[in-house]
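A.B. asks: Sequence plus predicted model, see below.
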Amino acid sequence: DQQVKQNSPSLSVQEGRISILNCDYTNSMFDYFLWYKKYPAEGPTFLISISSIKDKNEDGRFTVFLNKSAKHLSLHIVPSQPGDSAVYFCAASANTNAGKSTFGDGTTLTVKP
Amino acid sequence: DAEITQSPRHKITETGRQVTLACHQTWNHNNMFWYRQDLGHGLRLIHYSYGVQDTNKGEVSDGYSVSRSNTEDLPLTLESAASSQTSVYFCASSDGETQYFGPGTRLLVL
């Protein structure tokens, strides 16, 4: 049973437009959510996170929204840039897990010039 | 600058051989993790450690072992490599919720 799901394996958007990446989770114990970005032949790097006590967190062009009742979060990138083309992983953790996260399968974002 | 490194970056081995993948971090983090990533899948947790002498099994631990003799290193050993263990392996460390990943080791078991 996959606890963190990213139902869209890929997403293609035009440069300058908004990219919206979605993530659903099933475990109600999750209280911290993260997005990681991964380029080919590199390890994932942390992008942005959100605690369950918030419903929005913004960092520059990146905003994460959390809907706890729907067990859904999304990552918005505005405006999208070609350098944003990468695989994006959603991850979730429970407060007691000391950083142990459960990851989704990832969404490959392609931003076309 | 603090970092996390993995070696080797690429490894080819034969079925049945013992293989050890190294992970070294200079963040001085207590928490360290090993994941594998297969094509089209996310990161699946193999083993993790919350400190020296502490090791724990993740969701896909069969056929793997780890040991933690110091803060900086968490080597991952494949006791008897199998073709199903062909994958990309990532090591990570953390001192909180955010994990810092190494560059990965691409392992091919023939």
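C.D. replies: Perfect, I can see it now.
A.B. asks: Establish whether stretch B:31-44 and chain A are in contact.
C.D. replies: Yes: judged by CB under 8 Å from any CB of the partner chain, stretch B:31-44 and chain A are in contact via B:31, B:33, B:35, B:40-44. Where C-beta positions appear, they are placed from N, C-alpha and C, glycine not excepted.
A.B. asks: Just send these back as a markdown table, with distance to A:D105 too.
C.D. replies: Output for those, formatted as a markdown table (distance: CB to CB, whole Å):
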| residue | distance to A:D105 |
| --- | --- |
| B:N31 | 23 |
| B:F33 | 18 |
| B:Y35 | 13 |
| B:G40 | 7 |
| B:H41 | 5 |
| B:G42 | 4 |
| B:L43 | 9 |
| B:R44 | 10 |
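A.B. asks: Farthest pair within those?
C.D. replies: B:N31 and B:G40 (27.5 Å; CB to CB).
A.B. asks: which element is B:F33 on?
C.D. replies: If you go by DSSP states H and E, B:F33 is part of strand B:31-37.
A.B. asks: In chain B, what residue lies closest to chain A?
C.D. replies: Nearest residue of chain B to chain A, counting by CB to the nearest CB: B:F101, 3.3 Å away.
A.B. asks: Might you report the residue contacts of that residue?
C.D. replies: Applying CB atoms under 8 Å, 6 or more residues apart in numbering or on different chains, we find B:F101 in contact with A:36, A:43-45, B:4, B:90-92.
A.B. asks: check whether the lowest-mean-pLDDT helix or strand in chain A contacts chain B.
C.D. replies: When each helix and strand of chain A is scored by mean pLDDT, DSSP states H and E, strand A:102-103 comes last, with a mean of 93. Yes: Strand A:102-103 is in contact with chain B by CB under 8 Å from any CB, via A:102-103.
A.B. asks: In space, what's closest to the residue nearest to the spatial centre of chain B - neighbours in sequence excluded?
C.D. replies: In chain B, the C-alpha closest to the average C-alpha coordinate belongs to B:W34, at a distance of 3.4 Å (CA atoms, centre = their mean). Ranked by CB to CB, 6 or more residues apart in numbering or on different chains and with sequence neighbours excluded, the top spatial neighbour of B:W34 is B:I46, at 4.4 Å.
A.B. asks: chain center to the host helix or strand of the one you found: distance?
C.D. replies: In the assignment (DSSP H and E), B:I46 maps to strand B:43-51. Averaging C-alpha positions (CA atoms, centre = their mean, to the nearest Å) puts strand B:43-51 8 Å from its chain's average.
A.B. asks: Pull up the pairing partners for the least confident helix or strand of chain A, direction included.
C.D. replies: Strand pairing for strand A:102-103, using DSSP bridges, gives strand A:86-93 (antiparallel).
A.B. asks: The partner strand relative to strand B:31-37, how many degrees between them?
C.D. replies: Using axes from the mean of the first three to the mean of the last three CA atoms, to 10 degrees, the inter-axis angle of strand A:86-93 relative to strand B:31-37 is 130 degrees.
A.B. asks: What is the burial count for residue 103?
C.D. replies: Using chain A here. Here the count is done by other CB atoms under 10 Å in any protein chain shown, and A:F103 has 24 residues near it.
A.B. asks: looking at chain B here, not the other one
C.D. replies: Neighbour count for B:P103, taken as other CB under 10 Å: 15.
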